[in-house]
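> Need a 3D model of the following:
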Amino acid sequence: MKRANRNAQNRAGADAPRPPSPGLQCYCIGAGPRLTALTAGLCQGPVFDHFRTAGVEVLLGLRAVLDAQIDVMTRQGRKGVKVPVE
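Okay, here's the model as predicted:
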């Protein structure tokens, strides 16, 4: 197939799922583009706000774990060591 024909074909079917390249096997069987279309709406509106709030809650949970570990090490008399930073 000539390059001009191949380019025209690629432009015409840009939105259609493409078959895997020779020698490669697509394990998603076309589910990838469908999942991308499904999750495209997650980055806007109340859904995004919910996931952002959930992310903040995860970070607050990690902070609580770190604070608890710092308290344990402080009670044990362990102190940090100063490390020179260049």
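
> centre of the chain versus stretch 79-86, how much separation?
33 Å (C-alpha atoms, centre = their mean, to the nearest Å).

> what is the rounded mean pLDDT of it?
Taken as a whole, stretch 79-86 carries a mean pLDDT of 82.

> end to end, how far does it reach?
22 Å (C-alpha to C-alpha, to the nearest Å).

> burial count for residue 26?
13 (other C-beta atoms under 10 Å). (Glycine included, C-beta is placed from N, CA and C.)

> Okay, and it sits in which element?
Applying DSSP states H and E as the criterion places residue 26 outside every helix and strand.

> the helices in this structure, which residues?
Ranges of helices within the chain are 3-12, 31-39, 45-75, based on DSSP state H.

> so can I have TSV of these showing mean neighbour count?
Below are the helices of the chain laid out as TSV (neighbours: other C-beta atoms under 10 Å):
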stretch	mean neighbour count
helix 3-12	9
helix 31-39	11
helix 45-75	10
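
> Check the separation of the first and last residues in stretch 33-52.
24 Å.

> same question but for stretch 38-45, I mixed them up
15 Å.

> what's next to it, contact-wise?
In this structure, residues lying in contact with stretch 38-45 by C-beta atoms under 8 Å, 6 or more residues apart in numbering are 47, 48, 51.

> Let's have these in JSON lines, adding pLDDT.
Supplementary listing: the contacts of stretch 38-45 in JSON lines, determined by pLDDT from 0 to 100:
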{"residue": "47", "pLDDT": "79"}
{"residue": "48", "pLDDT": "82"}
{"residue": "51", "pLDDT": "84"}
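
> which of these lies closest to residue 58?
residue 51 (10.4 Å; C-beta to C-beta).
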